[in-house]
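Peer 1: Any chance you could fold what I've pasted below:
(4 chains)
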Number of protein chains: 2
Amino acid sequence: MRVLIVEDERRLADALCQIMQSQKYGVDAVYDGQDGFDYAMSGQYDVVVLDVMLPGKNGFEVVRALRAQNNAVPVLLLTAREEISDKVTGLDCGADDYMTKPFSPEELLARVRALSRRQGEVQLEELRFEDLCLSLSTRSLSCREKSVTLGFKEFEVLRILLSNPKMIVPKEDLLTKVWGVDSDAEDNNVEAYISFLRKKLTYLGSCAGIGTVRKVGYRLESAQP
Amino acid sequence: MRVLIVEDERRLADALCQIMQSQKYGVDAVYDGQDGFDYAMSGQYDVVVLDVMLPGKNGFEVVRALRAQNNAVPVLLLTAREEISDKVTGLDCGADDYMTKPFSPEELLARVRALSRRQGEVQLEELRFEDLCLSLSTRSLSCREKSVTLGFKEFEVLRILLSNPKMIVPKEDLLTKVWGVDSDAEDNNVEAYISFLRKKLTYLGSCAGIGTVRKVGYRLESAQP
DNA sequence: CGGGTTTTTCAGACTATTTTCAGAAATAGC
DNA sequence: GCTATTTCTGAAAATAGTCTGAAAAACCCG
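Peer 2: Prediction:
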């Protein structure tokens, strides 16, 4: 799960990041409305936490702009005071939820979870493909009797592949979705993890495998000799 | 997604290409109105980004000509100044959207995305001709039961031929579209790939074949003796 | 602070693709 | 029919992209 924080007050932004990281969520923070919009448009986030008061472009404008572009990423608005008019404005603009500061980390997490769940249609508890079953809660991958646990990155890579079975997933996508847009990770990182995953698939004896599409990416496929 | 850039200022054209490439979009650039019209008519683009000020034939004329030919490719007009009269003229001519320079890459991408989305959305998933079916997502070519996967260049060459079935595609076009305008590849490269493709067509047992038009180029044709 | 796990980095092996080459084949023009 | 030109195509060489083991580094937990 990747979360975008748009909050100009650094202290708070940092705190929000920490809360997200505590859940092992991938998190990026930006500090003004325009950046918020641009990042949100990148399509790599599952939830955007957006302050209303922002330099450049306020939170309402950001949401409105996103919706105008047909971007449906779930947005949680943050505001300093509970003003009913703000709340209405926010939801009218297309935000999905609304929270007033101050708030507890638990409340924030609960709302973020709720949003991401709502978004992802019935949030699957596990992903399946052929004889594979990836448990999203325990990050374990099983096949028939055997099962192994995956590291965080292994898990993310495989989750993305399992979410698009048989579709080619560009290596570039894996890189930005798992490592983040502005990470300095390189292609070989993806390759390394694909290699790890293949080793585990082999160990499990699964009939599913990860195929390479040269110059483009990878995809989950079934039955290889 | 394939984008055509029509922009006489090389610097800007190059920049636009880069922006598109960053999204993994296929992109071609031409530098005057007539070429713009000709390329746009080829029907292989999802969006055309068209400067208004152009040598030869200006942007308005290009759009008008396209629409007169019943070509509905989405066109995004670019102009240097925000002049309301220009805007009206552009949209009246049949352009789909309008953007004033300067603009941010994000804005451009957002508009291009919006245009391609608005446009029917029916992103071709595969190209067909006779008993052949080229899957654009898996880069595989199938015919009846059999199927083979194509390398990158093989795929590009065949895709262009399939986009213009029975039309003669100049060898020169294949060269510039697949290898790029300023590549030092020579005719024999195209010939070699045509040869590869023929071998695969034979293997598949397709009734379609690639015909040679001496001194000009190639074309897909059906039923050879 | 350890000890275990996960992540990154690196380099050499490996592979598919792409290019190059050269002679054979085909075609057009005379 | 003969020649010049163009195209075809098999094979080999060159290149670019990928895989993977191993080791180093970072991280996490108590």
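Peer 1: dump the residue contacts of the residue of chain A found nearest DNA strand D.
Peer 2: Nearest to DNA strand D, among the residues of chain A, is A:Thr212, at 3.5 Å (C-beta to the nearest atom of the strand). For every residue, glycine as well, the C-beta is placed using N, CA and C. Taking C-beta atoms under 8 Å, 6 or more residues apart in numbering or on different chains, we find A:Thr212 in contact with A:Ile194, A:Tyr218.
Peer 1: Figure out the helix or strand that it lives in.
Peer 2: strand A:208-213 (DSSP states H and E).
Peer 1: list the buried ones in that strand?
Peer 2: A:Ala208, A:Gly209, A:Ile210, A:Gly211, A:Val213 (16 or more other C-beta atoms under 10 Å in any protein chain shown).
Peer 1: Show me which pair in those is furthest apart.
Peer 2: A:Ala208 and A:Val213 (15.9 Å; C-beta to C-beta).
Peer 1: hmm, back to that, I'd like the distance between the residue of chain A closest to DNA strand D and B:Asp96.
Peer 2: 38 Å (C-beta to C-beta, to the nearest Å).
Peer 1: For chain A, spot the helix or strand the model is least confident about on average.
Peer 2: helix A:84-93 (a mean of 65; mean pLDDT, DSSP states H and E).
Peer 1: That one: what's the following helix or strand?
Peer 2: With DSSP H and E, the next secondary element past helix A:84-93 is strand A:97-100.
Peer 1: Let's test this: mean pLDDT of stretch A:110-125, rounded?
Peer 2: The pLDDT scores in stretch A:110-125 average 62.
Peer 1: er, stretch A:204-219 actually
Peer 2: 92.
Peer 1: Same question for stretch A:36-52.
Peer 2: 86.
Peer 1: What residues sit buried inside that stretch?
Peer 2: A:36-42, A:44-52.
Peer 1: So what's the residue count around the nearest residue to A:Ser140 once chain neighbours are set aside?
Peer 2: Among residues not flanking A:Ser140 along the chain, A:Thr149 sits closest, at 4.7 Å (C-beta to C-beta, 6 or more residues apart in numbering or on different chains). By other C-beta atoms under 10 Å in any protein chain shown, the residues close to A:Thr149 number 13.
Peer 1: Next: A:Asp187.
Peer 2: 11.
Peer 1: And it, how close does it get to A:Val169?
Peer 2: Taking C-beta to C-beta, one finds A:Asp187 at 14 Å from A:Val169.
Peer 1: residues in contact with the residue of chain A found nearest DNA strand C?
Peer 2: In chain A, no residue comes nearer to DNA strand C than A:Gly151, which is 2.7 Å away by C-beta to the nearest atom of the strand. By C-beta under 8 Å, 6+ apart, the contact list for A:Gly151 reads A:Phe196.
Peer 1: How about the backbone phi and psi for the closest residue to chain B within chain A?
Peer 2: Scanning chain A for the residue nearest chain B gives A:Asp38, at 4.8 Å (criterion: C-beta to the nearest C-beta). Phi and psi for A:Asp38, reported as degrees, to the nearest 10, are phi -60, psi -50.
Peer 1: these two touch, right, it and B:Pro105?
Peer 2: No - with contact defined as C-beta atoms under 8 Å, A:Asp38 does not count as touching B:Pro105 (9.2 Å).
Peer 1: Next, the contact list for the residue nearest to A:Ser140, please.
Peer 2: A:Thr149 neighbours (C-beta under 8 Å, 6+ apart): A:Thr138, A:Arg139, A:Ser140, A:Leu141.
Peer 1: and if you look at A:Tyr39?
Peer 2: A:Leu4, A:Val6, A:Asp28, A:Val30, A:Tyr45, A:Val181.
Peer 1: and if you look at A:Glu156?
Peer 2: A:Gly26, A:Lys177, A:Val178.
Peer 1: again, but for A:Leu54
Peer 2: Contacts of A:Leu54 (C-beta under 8 Å, 6+ apart): A:Val6, A:Glu7, A:Asp8, A:Asp32, A:Gly33, A:Gly36, A:Val62.
Peer 1: again, only using 7 Å
Peer 2: A:Val6, A:Asp8, A:Asp32, A:Gly33 (C-beta atoms under 7 Å, 6 or more residues apart in numbering or on different chains).
Peer 1: The last one contacts A:Gly56, correct?
Peer 2: By that I understand A:Gly33. Yes - counting by C-beta atoms under 7 Å, A:Gly33 touches A:Gly56, with 4.2 Å between them.
Peer 1: so is the closest residue to A:Phe152 other than its chain neighbours in a helix, a strand, or just coil?
Peer 2: With sequence-adjacent residues excluded and distances taken as C-beta to C-beta, 6+ apart, A:Phe152 is closest to A:Lys24, at 6.1 Å. At A:Lys24 the chain is in coil, as set by DSSP: H, G, I helix; E, B strand; the rest coil.
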